[in-house]
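Asks: A predicted structure for the sequence below; I have some questions about it.
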Amino acid sequence: MNLPNKLTLTRIILVPVFMGFLFLRKDYPGYAEVLALITFVVAAVTDGLDGYLARKHKIVTKFGKIVDPLADKLLISAALISFVAMKEISAWAAIIIIGRELAITGLRVVAASEGSVISASYWGKWKTTLQIIAIIALILDPEIIPLPFNLSSILLWVAVTITVISGIMYFKNADIDFFKEEKDE
């Protein structure tokens, strides 16, 4: 197993660790936020690092192509679901973001079945970056680090907006006829 794949697996392993620290925020204010923040940031950094290393050293694997995007979605989804469970964000924000992720995953599966690959776009990269920034802002408890104008909510809804726009762009740019009838063989 190469280093990029190990980083992807590390990100998956860090998801429950991150969630554990996040849920301990009320019992251990200050400490749990810092540990949750560090864990999330390390996991988020592995997101970009694993792909960069795989491309740079030409060690892209089928495992990495499949598991890396799933690990990204797992990290973001786990964070959003945790915040909903703690009643810190609207369920709508989580549903929209997670729904878009599932829709694009489905789009990629259909494209792959037709021998096509849908690579990450500029919009998709901005979407991921904004989601990570919004989650970091949500982790930072206002009592620990006061954020002006409920900045975490604003960042979350900006991330939701870009998430929707990027999803629309993926479907718009996909060269797939979803309504074409397939013939039985």
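Replies: That came through fine.
Asks: have a look at the chain and report its longest helix.
Replies: Using DSSP state H to define each element, the chain has its longest helix at helix 31-56.
Asks: just list what it packs against, helices and strands only.
Replies: Where contact means 3 or more Cβ pairs under 8 Å, 6 or more residues apart in numbering; DSSP states H and E, helix 31-56 is packed against helix 3-23, helix 62-85, helix 122-139. Where you see a C-beta, it was placed from the backbone N, CA and C, and this is true even at glycine.
Asks: list the buried residues of stretch 59-75.
Replies: For stretch 59-75, burial by neighbour count (16 or more other Cβ atoms under 10 Å) applies to Gly64, Val67, Asp68, Pro69, Ala71, Asp72, Lys73, Leu74, Leu75.
Asks: let me know which of the helices and strands packed on helix 31-56 is tucked in deepest.
Replies: Mean neighbour count (mean count of other Cβ atoms under 10 Å) peaks for helix 122-139 among those, with a mean of 20.
Asks: check which residues of the helix or strand that that helix is followed by are buried.
Replies: Sequence-wise, the next helix or strand downstream of helix 122-139 (DSSP states H and E) is helix 151-173. Buried residues in helix 151-173, counted by 16+ other Cβ under 10 Å: Ser152, Ser153, Leu155, Leu156, Trp157, Ala159, Val160, Ile162, Thr163, Ser166, Gly167, Tyr170.
Asks: pretty sure the fourth one contacts Ile132?
Replies: Which is Leu156. No: Leu156 is beyond contact range of Ile132, at 11.5 Å (criterion: Cβ atoms under 8 Å).
Asks: where in the protein is pLDDT low?
Replies: Low-confidence segments of the chain (pLDDT under 70): 141-148, 178-179, 184-185.
Asks: residues in contact with Ala93?
Replies: Contacts for Ala93 (Cβ atoms under 8 Å, 6 or more residues apart in numbering) come out as Leu80, Leu156, Trp157, Val160.
Asks: oh sorry, the question was meant for Phe23
Replies: Ser82, Met86 are the contacts of Phe23 under Cβ under 8 Å, 6+ apart.
Asks: what do you get for Ala54?
Replies: So Ala54 contacts Asn2, Pro4, Val60, Thr61, Gly64 (Cβ under 8 Å, 6+ apart).
Asks: which one of those is nearest Tyr28?
Replies: Sorting the contacts of Ala54 by distance to Tyr28 puts Pro4 at the head of the list, at 33.8 Å, by Cβ to Cβ.
Asks: tell me how far the closest one lies from Glu88.
Replies: 33 Å (Cβ to Cβ, to the nearest Å).
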